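Please work out how this folds:
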Amino acid sequence: MPNLEVSGKGMKRITTYLVFTVLWTGILFDTMPSDLQAETQFVTIGSGDITGVYYPAGLIIAKMINDKREEYGIRATVESTRGSVFNLNAIMAGYMEFGLAQSDKQYQAVNGLAEWEQKGPQKELRSVFSLHRESVCLVAAVDSGIRTIGDLKGKRVNLGNPGSGQYQNAIDALRAAGLDPDRDILPEKVKAAEAPLLLQDNRIDAFFCTVGHPSDTLKEAVSGSRKVRFIPITGPGIDKLIAERNYYTKIILPVAEFYRGSEDTGNVDTFGVMATLCTSSRVPDHVVYVITKELFDNLDDFRRWHPAHAGLTRESMLEGLTAPLHPGAVKYFKETGLMQ
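A predicted model of the protein is given here:
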């Protein structure tokens, strides 16, 4: 095991997530009887960075399945990954059975766009259901003088890591605002979780991230000595972007409610996407059916685990799905009257 030197808040966060991982994913593989292992269907859920909403969402889903592993014969584990693009590629390659992905990345994969332009349409990609809405956020240091997205010109801006959904969201936002991501800004391309430290160390002036709320990354950004503000992502170009791409929607971010260390005292207008659970047509129908049934039948419990899920409804969880629905999910939706 590598020697990790982490202190303070970082150690507390890592320890907490490690404890949750052990508790929520149940008994370790090597402690299971061999006959039970032979009868068990193992599935892996790709999530995201441990500071975001994808990781705890994956853990909650896995816990629900693992609590009834003897009844269903399914055991779920969760992997922290680089995000949407990684998860979708891993599903298509057969390395993972499920993965969380932004609705725009789901659309692009199934239509052979963006990162999948060379590979072509991912015809075996399937939707299961949607979860929370994710806002495209632009956070800037107050001393940078940035008040609009147009003010980013000539500034040091983190776009997120290539391969994540938020990276493309940042590119789309900049281009819609009339800025060239390669020429008009000084781009950084590190994970959103690393951006608050860069901002506080005065190594960048602003950063993009696409997250559900509240977000640990954004809480960290507003808690440092360098004051920050949330920048509206608005304008005619953004309106046109939303109109042309149906996976984007306007969002009002209640900054004052979630991020009290920010200079903002009210709401900030931006745009965003849906978080979706995806799978492959190769995954057995009964596995997808069970996961869908457990989450929908116990939606009240699921909502209590994270504030980002507080507003979920069964109807909203069928929105933003551009890949064909998996037959296992369709079976449940028809049984419960959510689909005809």
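
OK, contacts around residue 68?
Shown in contact with residue 68 (CB atoms under 8 Å, 6 or more residues apart in numbering): residue 294. For every residue, glycine as well, the C-beta is placed using N, CA and C.

low pLDDT regions in the chain?
In the predicted model, the chain carries pLDDT under 70 at residues 1-38.

if you set the cut-off to 80 instead, what comes out?
Counting by pLDDT under 80, the chain has low-confidence residues at 1-39, 163, 265.

How about the one residue sitting closest to the centre of it: what's its closest non-neighbour residue?
By CA atoms, centre = their mean, the chain has its centre lying nearest to residue 54, at 4.7 Å. Excluding the flanking residues, the one nearest residue 54 by CB to CB, 6 or more residues apart in numbering is residue 48, at 3.3 Å.

from memory that neighbour sits against residue 59, does it?
No - between residue 48 and residue 59 there is no contact under CB atoms under 8 Å: 11.5 Å.

between these two, which one's more packed in?
More neighbours surround residue 48 than the other of residue 48 and residue 59, with 32 against 25 (other CB atoms under 10 Å).

Just the element for residue 240, please.
helix 236-244 (DSSP states H and E).

and that helix, how far from the chain's centre?
22 Å (CA atoms, centre = their mean, to the nearest Å).

Can you tell me which helices and strands that helix packs against?
helix 165-176, strand 268-280 (3 or more CB pairs under 8 Å, 6 or more residues apart in numbering; DSSP states H and E).

Could you look up the next helix or strand downstream of that helix?
strand 249-253.

Go ahead and name everything in contact with that next one.
Residues outside strand 249-253 that contact it (CB under 8 Å, 6+ apart) are 133, 135-137, 213, 230, 242, 267-273.

Reformat those residues as JSON lines; add distance to residue 297 and neighbour count.
Shown next, in JSON lines, are these (distance: CB to CB, whole Å; neighbours: other CB atoms under 10 Å):
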{"residue": "133", "distance to residue 297": "23", "neighbour count": "20"}
{"residue": "135", "distance to residue 297": "29", "neighbour count": "25"}
{"residue": "136", "distance to residue 297": "32", "neighbour count": "24"}
{"residue": "137", "distance to residue 297": "33", "neighbour count": "28"}
{"residue": "213", "distance to residue 297": "26", "neighbour count": "21"}
{"residue": "230", "distance to residue 297": "37", "neighbour count": "24"}
{"residue": "242", "distance to residue 297": "34", "neighbour count": "16"}
{"residue": "267", "distance to residue 297": "34", "neighbour count": "15"}
{"residue": "268", "distance to residue 297": "36", "neighbour count": "22"}
{"residue": "269", "distance to residue 297": "36", "neighbour count": "13"}
{"residue": "270", "distance to residue 297": "33", "neighbour count": "22"}
{"residue": "271", "distance to residue 297": "33", "neighbour count": "22"}
{"residue": "272", "distance to residue 297": "28", "neighbour count": "27"}
{"residue": "273", "distance to residue 297": "26", "neighbour count": "28"}
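
Quick one: those residues as a markdown table, columns for distance to residue 190 too.
Converted to a markdown table, those look like this (distance: CB to CB, whole Å):
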| residue | distance to residue 190 |
| --- | --- |
| 133 | 25 |
| 135 | 20 |
| 136 | 17 |
| 137 | 16 |
| 213 | 21 |
| 230 | 20 |
| 242 | 27 |
| 267 | 28 |
| 268 | 23 |
| 269 | 26 |
| 270 | 21 |
| 271 | 23 |
| 272 | 21 |
| 273 | 21 |
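
Out of those residues, the closest to residue 299 would be?
For those, the closest approach to residue 299 (CB to CB) belongs to residue 133, at 16.2 Å.

correct me, but the closest one touches residue 274?
Yes - using CB under 8 Å, residue 133 is in contact with residue 274, at 6.0 Å.

Can you give the domain ranges for the protein?
8-131+275-335, 134-273 (automatic domain parsing).

Now find how far off-centre stretch 333-340 is within its chain.
27 Å.

no wait, stretch 79-90
10 Å.

Give me the contact list for that stretch.
Stretch 79-90 is contacted by residues 44-50, 54-55, 58, 96, 99-102, 105-106, 109, 115, 122, 125, 161, 163-166, 191, 278 when judged by CB under 8 Å, 6+ apart.
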